[in-house]
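1. Would you be able to build a 3D model of this:
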Amino acid sequence: MAVKFRLILPLLFLSGVCPDDPGAEDKLTVFTVATQKTDGYSRYVRSLEMFDYKLVTLGMGEEWKGGDMNYPAGGWKVNLLKEELEKRKGEQGYIMFTDSYDVIVAAGQESLLGQYNKMGGGIIFGAEGFCWPEPSLKDKYPVVEEGRRFLNSGGFIGPIDTVRQLLEAGGQLGDTEDDQLFYTKLFLDPELRSKFDIKLDNKAEIFQNLNGETENLDLRFTGSSPYFVNLVFDTLPMVFHGNGPSKLFLNTMGNYIPGQWNTETGCDDCWRDTREVKKMVEKPRIVMAVFIEQPTPFMDEFWEKLVNLNYDKSAIDLRIHNNVDFHSTQVEEFVEYWSSTNELESYNSIKYIAAADDVTEVDAASSAVAQCEKLKCDFLFVVDSTAHLDNPNTLALLVEQNRDVVAPMLIRPYSAWSNFWGSLSSDGFYARSFDYMEVVRNDRRGLWNVPYVSACYLVSGAVIGNPRTRPSYVSDSLDPDMAFAKSVRDAGVFLYVTNRLNFGHLVNNENFPVTHLNNELWEIERNRYDWEKRYLHENYSASLEPGYEHAQPCPDVYWFPVMTERFCDEFVAEAENFGRWSDGTNTDERLAGGYEAVPTRDIHMNQIGFDTEWLYLLDTYVRPLQETVFVGYFHQPPRSIMNFMVRYRPDEQPNLRPHHDSSTYTINIALNNVNKDYEGGGCRFLRYDCKVTETKKGHMLMHPGRLTHYHEGLYVTKGTRYIMISFVDP
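-> The predicted structure follows:
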């Protein structure tokens, strides 16, 4: 009862409606017409049950006879109601008739009947701003001083026997004729309008028709409870009807009302019909369909997270569609390992569709649906290569959520780009819902009814097994994901995205270059999150914490853990793959003037196309460290013309003579291991007679470049030493 009171509260106290107004709850019966128990119908029923309404559903289980509701139609609804009310001739009490698939009731009976009586009773229809289906009748409507003029038949209320008489007065109506036109003609007849006291709810005090009004409704909270206010008329509608193209807006409203979400406990509806996988005797069978449709970075991590999902692999039939030659070797190795090499665990089956097979994404997705149908699988789990499932419980949690279509919310880190759309534009493409940013930022967590999901989602086998609801990826004008979402929406199935927990993130595979040896090195800005996970030292951030005591092997020479060993290995490999090291002489055509006073055997970053990325690294990761140790010096972005990798070998250039650097400060990153990859080496600062010889792979030395820190490179006696140098702010 606490939930019900919380929901009624705004309507009782903000609208001034008295709960003691005439009209007992048990005298109001709600009627509707529905032939199938769609998600929209189930939502409608739940909204009524929350307030203990009595509901009579007409037509359930029958074949729809009312024509195509995308056009003037629906007369069958009138005839079903007329037939039912004839059985109730002389019955006392009130009837509220509404549509069902696109209606939400958000107030209790006391509030609704109180407002009804306040408006003078009679038969009250909802109103809208469009004269439909016959605009020519516009001038026959009574002029109103304020509010919407035109009747909408998606909701009306009145004495039950008076409504029966009104329907009788309307005469015969064909099942496929238009129901709204039927009621419109009754209203426009002055004699009948007076006789039956027919009114329109011009200011949406009971019925809010949403078509053309979505910008006029605002989500508010009283305490922790949500409600919607009509900003134009300052009213608190009680019955919301998503007529025409406003159904998606109604779906968004339905994420909050009635009783779906509040600021205190969050998503109350999230727990409805949930299951626990661990309590299931038999794990639901999953067809997992992986799609690699274009070159994608960080696939090593993608596969690792996929196989680490906490779900019995023997209950998973894995399908992989790889449409990219670049990834073929890696995918083939993965398939080989999980098909035969790994003897500890394995998938129930693996089907690999290779790039050479020339199968389109649409055909691959369609065959995944067909396989799920054939196997009578419990769920189809679609995972694109851009979806990184950081939470190993993702699959199990989606199964437990127990919705027909549900996706884990995934975003590109540091952006608002996600795998769902909050709304659609008039032409069916991306639009933001009023709460999109709150959801994406996780300011509001819950389970959200949305019009589009992609990259990763779970589809129930019940939806796939039903020909009426089976999803399709085929479209002449839409991409496969949009075609899927549209087919599901059109079948009356809701799509949900959940951010109840953190599930993972998206990588950005737009314009991913595949011309390098280690292409992910170039993703430092476009996929910064994943780049850091792979390449930034795990202890890097500790150096930025207040009060941190930085290692200082020599005066004003600081030591920082910066890069991972993998970064160092791939970075060196990239330089060696390029291979054109300078000759270590004073002549250097790469420099303005062609002369190098203190030459080394090196490769400049601009030679391998990494200069922009390296400057980003200096600004993002090096500059903050500099500001912690050389306090008071600030220069953003850092300027560095000389960024180069140096190679020392006994038979090439084993050392470097004493010199100053042309910099305000210099960084020197060790790229391999002393006493393992080479012997000797290091740096000596002559002024302090201080040596740094026990360098650490991935660690960075930082020191002033001029005046005080005259230094030399010590002899490498065995092996090859690699270091990365930048002269910052020359």
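
2. In stretch 127-145, which residues are buried?
-> Residues 127-128, 130-132, 137, 141 are the ones in stretch 127-145 that count as buried (16 or more other Cβ atoms under 10 Å). Every C-beta, even on glycine, is put in place using the N, C-alpha and C of the backbone.

3. Tell me, how many residues neighbour the residue nearest to residue 628 when sequence neighbours are not counted?
-> Excluding its sequence neighbours, the residue lying closest to residue 628 (Cβ to Cβ, 6 or more residues apart in numbering) is residue 544, at 6.3 Å. The number of residues packed near residue 544 is 13, by other Cβ atoms under 10 Å.

4. you'd agree residue 544 is up against residue 623?
-> No: using Cβ atoms under 8 Å, residue 544 makes no contact with residue 623, being 11.1 Å away.

5. can you give me the helices in the stretch 451-600 of the chain?
-> Along the stretch 451-600 of the chain, counting by DSSP state H, counting those that start in this stretch, helices occupy 461-465, 480-490, 528-535, 565-578.

6. Next: the stretch 601-730 of the chain.
-> 611-617, 623-629.

7. okay, those helices in TSV with mean pLDDT and distance to residue 314 next?
-> Converted to TSV, the helices of the stretch 601-730 of the chain look like this (pLDDT from 0 to 100; distance: least, Cβ to Cβ, whole Å):
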stretch	mean pLDDT	distance to residue 314
helix 611-617	98	44
helix 623-629	98	48
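
8. Among those helices, which comes closest to residue 50?
-> For the helices of the stretch 601-730 of the chain, proximity to residue 50 was assessed by Cβ to Cβ; helix 623-629 is nearest, at 52.3 Å.

9. buried sites along that closest one?
-> Across helix 623-629, burial judged by 16+ other Cβ under 10 Å covers 623, 625-626, 629.

10. Spatially, which two of those residues are the most separated?
-> 623 and 629 (11.5 Å).

11. ok, residue 145 - contacts?
-> Going by Cβ atoms under 8 Å, 6 or more residues apart in numbering, residue 145 touches no other residue.

12. The same query, at a cut-off of 10 Å, please.
-> residue 202 (Cβ atoms under 10 Å, 6 or more residues apart in numbering).

13. ok but it is inside a helix, no?
-> No: looking at residue 145 with DSSP: H, G, I helix; E, B strand; the rest coil, it is coil, so not inside a helix.

14. What does residue 138 show for phi and psi?
-> The phi and psi values for residue 138, taken as degrees, to the nearest 10, are phi -50, psi -50.

15. which residues does it contact?
-> Counted by Cβ under 10 Å, 6+ apart, residue 138 has contacts 130-131, 149-150.

16. just the strands in the stretch 551-700 of the chain please.
-> Per DSSP state E, counting those that start in this stretch, the stretch 551-700 of the chain carries strands over the ranges 551-554, 557-561, 602-604, 642-648, 656-659, 665-670, 678-680, 683-685, 690-692, 699-704.

17. Residue 173 is nearest to which of the helices of the stretch 451-600 of the chain?
-> helix 480-490 (27.2 Å).

18. and of the helices of the stretch 601-730 of the chain, who's closest to residue 226?
-> Minimum separation from residue 226 across the helices of the stretch 601-730 of the chain (Cβ to Cβ) falls at helix 623-629, 41.4 Å.

19. other SSEs contacting the closest one?
-> Where contact means 3 or more Cβ pairs under 10 Å, 6 or more residues apart in numbering; DSSP states H and E, helix 623-629 is packed against strand 557-561, strand 665-670, strand 699-704.

20. pull the CA atoms of it into CSV?
-> The C-alpha trace of helix 623-629 is given here as CSV (Å, rounded to 0.1, in the frame of the first residue of the first chain):
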residue,chain,number,x,y,z
ARG,A,623,52.5,16.7,-18.1
PRO,A,624,50.4,15.9,-15.0
LEU,A,625,53.4,14.1,-13.5
GLN,A,626,55.7,17.0,-14.3
GLU,A,627,53.3,19.4,-12.5
THR,A,628,53.5,17.2,-9.3
VAL,A,629,57.3,17.3,-9.0
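
21. ok so residue 240 is a strand residue?
-> Yes: assessed by three-state DSSP, residue 240 belongs to a strand.

22. Got the phi and psi for the closest residue in space to residue 159 that isn't next to it in sequence?
-> In space, and not counting its chain neighbours, residue 159 is closest to residue 94: 6.0 Å by Cβ to Cβ, 6+ apart. With angles defined as degrees, to the nearest 10, residue 94 sits at phi -120, psi 150.

23. Spit out the contact partners of residue 94.
-> Here residue 94 is in contact with 23-24, 27-30, 109, 112-113, 116, 121, 157-160, 162-163 (criterion: Cβ under 10 Å, 6+ apart).

24. Just the buried residues of those residues.
-> Counted by 16+ other Cβ under 10 Å, these give 23, 27-30, 109, 112-113, 116, 121, 157-160, 162-163 as buried.

25. gap between the two ends of stretch 396-416?
-> 26 Å (Cα to Cα, to the nearest Å).

26. what mean pLDDT does that stretch have?
-> Mean pLDDT, stretch 396-416: 98.

27. wait, which of the strands of the stretch 551-700 of the chain is closest to residue 422?
-> strand 557-561 (41.0 Å).

28. mind listing what that closest one pairs with, with the direction of each?
-> strand 551-554 (antiparallel), strand 699-704 (antiparallel) (DSSP bridges).
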